[in-house]
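>>> I'll drop the sequence and a predicted model, then ask my questions.
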Amino acid sequence: MIAKTIKGKGFRGAVAYDLQKGKSILLNTNMSAKHKASVNAFAQEFGIVRSLRPNLKKAVCHVSISIHPNETLTDNEWCKVAHTWLNDMGFTNNQYIISRHTDTKHPHIHILVNRVELDGSVVNDSYDYKRQEVIMRKLEKEFGLINVQNSKEVQKTSPKKGELEQAIRKQEPSVRMCSCKIVLIIFYNALCPYKNLLMNSIKIILKLNSIRQAQAKLVGLVFL
């Protein structure tokens, strides 16, 4: 389960995107505009509360939460996911819209929430990226979903400077880099119907920023 958050200035565009006709389903909201269910009605209602903090540059908090294409959640479960995110991120007295999009292969929802609370205070967004990663891991366990590695854990597995320099000198990836290939093979072996083809075709290519070996620096790895 992955959450991506964007902060912005205006609500109208975000509401229009979340409530596209034929591409989305309104799952839940605490706003009276639900009776009209129009973009203008929601945008105006958001704007009334947003006006309580005119100097706040970015009052819009727009998050998408997605799961693996092979996984499914019911609308009730998606609502529970959304409310867990809202409560754990501190949005307990805020306007919100929860919608599910139906136009992509990967199941996902959008949460559009006003950072300005109904009493005019503002929800603290410090370390929000790290905090929502904790929420995602908790929800994965609760609903039995595929566990996604935290960004901090991914950084720990990145090649170190000495390892990269050695790979450049030898013109071949290190043992640990090769282990990434093994992990990918295991992953595809478990999930992909074309596993045999992938196991025989995955290759590791060192991506350099120069064709001259003496000046070249490793800028990445490409798995083919």
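Everything's here; your move. Numbers count the residues shown, from 1 in each chain.
>>> How many neighbouring residues does Asn94 have?
Asn94: 20 surrounding residues under other Cβ atoms under 10 Å. Where C-beta positions appear, they are placed from N, C-alpha and C, glycine not excepted.
>>> Check for me that it belongs to a strand.
No: judged by DSSP: H, G, I helix; E, B strand; the rest coil, Asn94 forms no part of a strand; its state is coil.
>>> can you tell me how far it sits from Ser66?
Distance, Asn94 to Ser66, using Cβ to Cβ, to the nearest Å: 22 Å.
>>> Leu145 contacts Ser66, doesn't it?
No: using Cβ atoms under 8 Å, Leu145 is not in contact with Ser66; the gap is 10.7 Å.
>>> list residues touching both of the two?
Common contacts of Leu145 and Ser66 (Cβ atoms under 8 Å, 6 or more residues apart in numbering): Met1.
>>> Hmm, Gly120 and Leu52 touching each other?
Yes: using Cβ under 8 Å, Leu52 is in contact with Gly120, at 4.0 Å.
>>> If you count surrounding residues, which of these two has more?
Shown here are Leu52 and Gly120; by other Cβ under 10 Å, Leu52 has more neighbours (16 against 10).
>>> element containing the closest residue to Thr92 other than its chain neighbours, please.
Closest residue to Thr92 apart from its sequence neighbours, by Cβ to Cβ, 6 or more residues apart in numbering: Leu86 at 7.3 Å. Assessed by DSSP states H and E, Leu86 sits inside helix 75-88.
>>> So which bits of that helix are buried?
The neighbour-count check on helix 75-88 (16 or more other Cβ atoms under 10 Å) flags 78-79, 81-82, 84-86 as buried.
>>> hang on, the earlier thing: can you pull the pLDDT of the residue nearest to Thr92?
At Leu86, the model reports a pLDDT of 98.
>>> quick one: Ala41 is in a helix?
Yes: membership of Ala41 in a helix is supported by three-state DSSP.
>>> Does it touch Ala33 like I think?
Yes: between Ala41 and Ala33 there is a contact under Cβ under 8 Å: 3.8 Å.
>>> Quick check: which helices or strands does whatever helix or strand comes next after the helix holding Leu86 pack against?
Heading C-terminal from helix 75-88, the first helix or strand you meet, by DSSP H and E, is strand 96-101. Strand 96-101 is packed against helix 12-18, strand 24-29, helix 75-88, strand 108-114, with contacts defined by 3 or more Cβ pairs under 8 Å, 6 or more residues apart in numbering; DSSP states H and E.
>>> From Lys105, how far off is the nearest residue to Asp88 once chain neighbours are set aside?
Leaving aside its sequence neighbours, Asp88 sits nearest to Ile135 (Cβ to Cβ, 6+ apart; 4.9 Å). For Ile135, the distance to Lys105 equals 24 Å [Cβ to Cβ].
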